[in-house]
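[1] make a model of this:
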Amino acid sequence: MSNPFIQATPEQIEEMLSAIGASTVDEVFDDQIPSDLQYKDKYDLPPALSELELQPHLTALAGKNRTTRDLVSFLGGGIYDHFVPSAIMHVAGRQEYVTGYTPYQPEASQGLLQAFFEYQTLISRLYDMPVSNASLYDCGSALGEAVFMALGVKPDRNRVVIPETVHPHYRTLVQTYMAHFGTTVDIVKQSNGRFDLEALDEYLGDDVAAVVVQHPNYFGCLEEVVEVEKRVRAAGALFIVIADPLSLGYLAPPGTYGADIAIGEGQPLGLNQYGGGETVGIFTCKNDFIRKVPGRLVGVTKDKEDRRGYVLTLQTREQHIRRAKATSNICTNHAHNALRSTIYLCLMGPQGMRRVARACARNTQRLRAALQARKADAIAFDAPTFKEFVVRVA
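    Numbers count the residues shown, from 1 in each chain. Model prediction:
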């Protein structure tokens, strides 16, 4: 066996095989992988092409595709086909951003640290929450971390309440996270596409650490967040809100109706659709929980010469502090995606965000009305919606 990408000489290969008691490399694979799962030339592939030959071949294949410019995506459910200004990649594609050193190390550059600080500032203002971290992977991981935080704040409680109106992938992730922590995850039914408040009352008790609500929810419906917050507060639990960042140009931000932890999926903020991404997890919370925030927080300070500078202020992961005190094993963030979301927010500004949010609401209502005009019961739920809604096709 020879492979131009493995820079081991035949002599070195023989030496390694001798050390492990095998005569050939194939023998090593045969011992680990069942023969029926191995390639063994059974797919009748054509001979390999050189790079010079391969490029025009792939170009011809790609020419058969229909691009997103020809299609309109109605999939929704967390990843959306929003317009992405070309200025975003023009700025984010600069070499100092795409080749920056690992951004979670203490020696991270001032440029990257400032970018994270600006991201945190913009997200805090957007969600009306005092604290934002420097981002997580996606909204699902942000919800998992939010639940862990709630359990840390309420260590004497071991139940979490989540309605069916929360994205099913997020719910599944929380159930997976909690499987071995002795925590019960209660899934509450929906009513007309929204959190069933009467059902919620049945689940609330002094053992509930947190209640989660998504607003707008997975079905696109607007939840009765003020009523949910009253019930959660009366039960002494934490209120976790999942909010679409684009909706906050039109809807009240989570901080105004009492969210303890507010998270979201940042994909609508200038990120494209690529096989389920690109994503960036938004995580914000109250000041009281700042030392339990997963990931990292960047702060601003001055050096001994009174010059403005940026520093990793809090980083509660096990690599930097005693393992027992780590609040999360989240080890990094979607730094470049967070940068692009920062650029998007700066380009749009408050007025631009309002215009986009209003356009989403207006166009959604126009489509909804047109469908109902053709078929009276086309829309599954009567509740008000933002950006998407459920359609009956039968």
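
[2] in the protein, what helix or strand scores lowest on average pLDDT?
    Ranked by mean pLDDT, DSSP states H and E, the weakest helix or strand in the chain is helix 95-98, scoring a mean of 81.

[3] okay, buried residues for it please.
    Y97 (16 or more other C-beta atoms under 10 Å). Quick note: C-beta positions are derived from backbone N, CA and C, even for glycine.

[4] how distant is it from the center of its chain?
    Offset of helix 95-98 from its chain centre (C-alpha atoms, centre = their mean, to the nearest Å): 23 Å.

[5] this structure: helices as residue ranges?
    10-20, 25-32, 51-62, 87-92, 95-98, 110-127, 139-153, 168-178, 197-203, 225-234, 335-374 (DSSP state H).

[6] distance to K42 for those - can I get that in CSV?
    Converted to CSV, the helices of the chain look like this (distance: least, C-beta to C-beta, whole Å):
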stretch, distance to K42
helix 10-20, 25
helix 25-32, 15
helix 51-62, 23
helix 87-92, 42
helix 95-98, 40
helix 110-127, 48
helix 139-153, 37
helix 168-178, 35
helix 197-203, 54
helix 225-234, 56
helix 335-374, 39
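
[7] wait, which of those helices is closest to I261?
    Closest to I261 of the helices of the chain, according to C-beta to C-beta: helix 139-153, at 4.6 Å.

[8] follow-up on the earlier one: winner for burial among the helices of the chain?
    Greatest average neighbour count among those goes to helix 139-153 (a mean of 24), per mean count of other C-beta atoms under 10 Å.

[9] show me the residue at the heart of this protein, geometrically.
    D138 (1.2 Å; C-alpha atoms, centre = their mean).

[10] can you tell me how far that one sits from A369?
    Note on D138: its distance to A369, by C-beta to C-beta, to the nearest Å, is 33 Å.

[11] same deal with A243?
    Distance of A243 to A369, computed by C-beta to C-beta: 25 Å.

[12] cool, N192 as well?
    19 Å.

[13] also T342?
    Distance from T342 to A369, counting by C-beta to C-beta: 36 Å.

[14] could I get the pLDDT score of the residue nearest to the centre of the chain?
    Here, the pLDDT recorded for D138 equals 93.

[15] quick one: it and V280 touch, right?
    Yes: counting by C-beta atoms under 8 Å, V280 is a contact partner of D138 at 7.1 Å.
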